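**Student:** I need the structure of the sequence given here:
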Amino acid sequence: MSGPGFGAFVVRRLIWAAFLLVVASMVTYVFFWLVPADPASVRSSTPGGPVDAHRMLRHYFHLDKPIWEQYLLFMRGLLHGSLGNSLAYRQPVTATLRGEAPVTASLVLGAAVMWLAIAIPAGTLAAMRPRSLFDRGATLFVFMGLSAPAMFLGLVLSYVFGYRLR
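**Tutor:** Below is the predicted model of the structure:
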(Lines give C-alpha, C1' and ligand atoms only; values in the text may rest on other atoms or scores of the structure.)
Protein backbone atom coordinates (compact mmCIF):
# COMPACT_ATOMS: atom_id res chain seq x y z
CA MET A 1 0.00 0.00 0.00
CA SER A 2 2.98 2.32 0.24
CA GLY A 3 3.54 2.85 -3.48
CA PRO A 4 5.26 5.88 -5.01
CA GLY A 5 2.07 7.96 -5.11
CA PHE A 6 0.82 7.06 -1.65
CA GLY A 7 2.58 9.94 0.14
CA ALA A 8 1.28 12.48 -2.38
CA PHE A 9 -2.21 11.00 -2.02
CA VAL A 10 -2.12 11.38 1.78
CA VAL A 11 -0.86 14.98 1.51
CA ARG A 12 -3.62 15.85 -0.99
CA ARG A 13 -6.24 14.32 1.30
CA LEU A 14 -4.94 16.21 4.34
CA ILE A 15 -4.94 19.52 2.45
CA TRP A 16 -8.46 18.83 1.20
CA ALA A 17 -9.61 17.95 4.75
CA ALA A 18 -8.13 21.19 6.13
CA PHE A 19 -9.83 23.17 3.35
CA LEU A 20 -13.19 21.53 4.08
CA LEU A 21 -12.84 22.21 7.81
CA VAL A 22 -12.22 25.90 7.13
CA VAL A 23 -15.16 26.13 4.71
CA ALA A 24 -17.47 24.29 7.14
CA SER A 25 -16.42 26.57 10.00
CA MET A 26 -17.03 29.65 7.81
CA VAL A 27 -20.50 28.49 6.79
CA THR A 28 -21.40 27.62 10.38
CA TYR A 29 -20.05 30.93 11.65
CA VAL A 30 -22.07 32.87 9.08
CA PHE A 31 -25.24 30.94 9.98
CA PHE A 32 -24.79 31.76 13.67
CA TRP A 33 -24.08 35.38 12.78
CA LEU A 34 -27.35 35.56 10.84
CA VAL A 35 -29.40 34.43 13.85
CA PRO A 36 -31.28 37.49 15.10
CA ALA A 37 -30.15 37.06 18.72
CA ASP A 38 -27.53 39.26 20.32
CA PRO A 39 -25.49 37.51 23.06
CA ALA A 40 -24.71 40.87 24.62
CA SER A 41 -28.43 41.60 24.97
CA VAL A 42 -28.98 38.24 26.63
CA ARG A 43 -26.17 38.80 29.13
CA SER A 44 -26.89 42.49 29.84
CA SER A 45 -30.62 41.97 30.42
CA THR A 46 -30.05 41.33 34.12
CA PRO A 47 -31.91 43.86 36.28
CA GLY A 48 -29.82 46.44 38.07
CA GLY A 49 -26.95 46.24 35.58
CA PRO A 50 -25.04 49.29 34.44
CA VAL A 51 -26.50 51.31 31.59
CA ASP A 52 -23.59 50.69 29.24
CA ALA A 53 -23.30 46.94 30.06
CA HIS A 54 -24.65 46.08 26.63
CA ARG A 55 -21.95 48.12 24.89
CA MET A 56 -19.21 46.65 27.10
CA LEU A 57 -20.39 43.10 26.42
CA ARG A 58 -20.56 43.75 22.67
CA HIS A 59 -16.93 44.86 22.87
CA TYR A 60 -15.98 41.86 25.05
CA PHE A 61 -17.52 39.42 22.55
CA HIS A 62 -16.04 41.41 19.61
CA LEU A 63 -19.55 42.00 18.25
CA ASP A 64 -18.60 45.59 17.52
CA LYS A 65 -16.19 44.39 14.80
CA PRO A 66 -17.01 43.31 11.23
CA ILE A 67 -17.90 39.64 10.73
CA TRP A 68 -14.65 38.80 8.92
CA GLU A 69 -12.63 40.16 11.84
CA GLN A 70 -14.81 38.26 14.32
CA TYR A 71 -14.19 35.08 12.35
CA LEU A 72 -10.42 35.64 12.29
CA LEU A 73 -10.42 36.23 16.06
CA PHE A 74 -12.45 33.04 16.50
CA MET A 75 -10.02 31.04 14.34
CA ARG A 76 -7.01 32.48 16.20
CA GLY A 77 -8.54 31.40 19.49
CA LEU A 78 -9.37 28.01 18.02
CA LEU A 79 -5.76 27.50 16.91
CA HIS A 80 -4.69 28.26 20.49
CA GLY A 81 -7.16 25.73 21.92
CA SER A 82 -9.88 28.16 22.99
CA LEU A 83 -13.49 27.70 21.94
CA GLY A 84 -14.55 30.93 23.62
CA ASN A 85 -16.85 31.46 26.59
CA SER A 86 -20.23 29.83 27.10
CA LEU A 87 -23.09 32.27 27.51
CA ALA A 88 -25.20 29.72 29.36
CA TYR A 89 -22.59 28.52 31.87
CA ARG A 90 -20.47 31.70 31.99
CA GLN A 91 -17.21 29.77 31.77
CA PRO A 92 -14.86 28.67 28.97
CA VAL A 93 -16.45 26.17 26.57
CA THR A 94 -13.43 23.86 26.93
CA ALA A 95 -14.06 23.67 30.69
CA THR A 96 -17.71 22.79 30.06
CA LEU A 97 -16.71 20.09 27.56
CA ARG A 98 -14.07 18.73 29.92
CA GLY A 99 -16.67 18.47 32.68
CA GLU A 100 -19.18 16.66 30.48
CA ALA A 101 -16.69 14.34 28.74
CA PRO A 102 -16.80 11.52 31.36
CA VAL A 103 -20.60 11.26 31.08
CA THR A 104 -20.42 11.17 27.28
CA ALA A 105 -17.62 8.60 27.36
CA SER A 106 -19.61 6.33 29.69
CA LEU A 107 -22.63 6.52 27.39
CA VAL A 108 -20.51 5.70 24.34
CA LEU A 109 -18.75 2.84 26.11
CA GLY A 110 -22.02 1.43 27.42
CA ALA A 111 -23.61 1.62 23.96
CA ALA A 112 -20.56 -0.08 22.37
CA VAL A 113 -20.64 -2.92 24.91
CA MET A 114 -24.38 -3.37 24.42
CA TRP A 115 -23.99 -3.26 20.63
CA LEU A 116 -21.24 -5.90 20.69
CA ALA A 117 -23.17 -8.10 23.12
CA ILE A 118 -26.08 -8.19 20.67
CA ALA A 119 -24.23 -8.05 17.33
CA ILE A 120 -21.66 -10.82 17.80
CA PRO A 121 -24.05 -13.60 18.87
CA ALA A 122 -26.73 -12.51 16.38
CA GLY A 123 -24.22 -12.35 13.53
CA THR A 124 -22.75 -15.72 14.44
CA LEU A 125 -26.17 -17.40 14.61
CA ALA A 126 -27.25 -15.77 11.35
CA ALA A 127 -24.03 -16.93 9.63
CA MET A 128 -24.52 -20.49 10.90
CA ARG A 129 -28.03 -20.65 9.40
CA PRO A 130 -28.01 -18.69 6.13
CA ARG A 131 -31.40 -17.79 4.64
CA SER A 132 -33.20 -18.97 7.76
CA LEU A 133 -35.97 -17.01 9.45
CA PHE A 134 -33.48 -15.82 12.09
CA ASP A 135 -31.02 -14.67 9.40
CA ARG A 136 -33.72 -12.71 7.59
CA GLY A 137 -35.01 -11.22 10.84
CA ALA A 138 -31.49 -10.18 11.89
CA THR A 139 -30.88 -8.64 8.47
CA LEU A 140 -34.17 -6.73 8.69
CA PHE A 141 -33.29 -5.55 12.23
CA VAL A 142 -29.88 -4.32 11.07
CA PHE A 143 -31.30 -2.49 8.04
CA MET A 144 -33.98 -0.84 10.18
CA GLY A 145 -31.33 0.27 12.66
CA LEU A 146 -29.11 1.67 9.92
CA SER A 147 -31.91 3.51 8.12
CA ALA A 148 -33.66 4.97 11.16
CA PRO A 149 -32.60 8.50 12.13
CA ALA A 150 -30.55 8.46 15.33
CA MET A 151 -32.85 10.95 17.07
CA PHE A 152 -35.93 8.82 16.36
CA LEU A 153 -34.15 5.66 17.43
CA GLY A 154 -33.05 7.34 20.66
CA LEU A 155 -36.62 8.44 21.44
CA VAL A 156 -38.00 4.96 20.76
CA LEU A 157 -35.34 3.27 22.92
CA SER A 158 -35.87 5.84 25.70
CA TYR A 159 -39.60 5.11 25.60
CA VAL A 160 -39.16 1.34 25.62
CA PHE A 161 -36.39 1.06 28.23
CA GLY A 162 -37.18 4.14 30.33
CA TYR A 163 -40.96 4.20 30.35
CA ARG A 164 -42.22 0.71 29.51
CA LEU A 165 -39.52 -1.42 31.11
CA ARG A 166 -38.68 1.14 33.81
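**Student:** show me the shaky parts of this structure.
**Tutor:** For the chain, the stretches with pLDDT under 70 are 1-4, 40-51.
**Student:** buried by neighbour count: which residues of the longest helix belonging to the chain qualify?
**Tutor:** Taking DSSP state H as the criterion, the chain has its longest helix at helix 93-128. Residues of helix 93-128 classed as buried: Thr96, Ala122, Ala126 (neighbour count, 16 or more other Cβ atoms under 10 Å). Placement of C-beta: from N, CA and C, glycine included.
**Student:** tell me the angle of the helix or strand following it relative to helix 93-128?
**Tutor:** Later in the chain than helix 93-128, the nearest helix or strand by DSSP states H and E is helix 133-147. Our comparison of helix 133-147 with helix 93-128, counting by axes from the mean of the first three to the mean of the last three Cα atoms, to 10 degrees, yields an angle of 160 degrees.
**Student:** helix 133-147 packs against which elements?
**Tutor:** When contacts are defined as 3 or more Cβ pairs under 8 Å, 6 or more residues apart in numbering; DSSP states H and E, helix 133-147 sits against helix 93-128.
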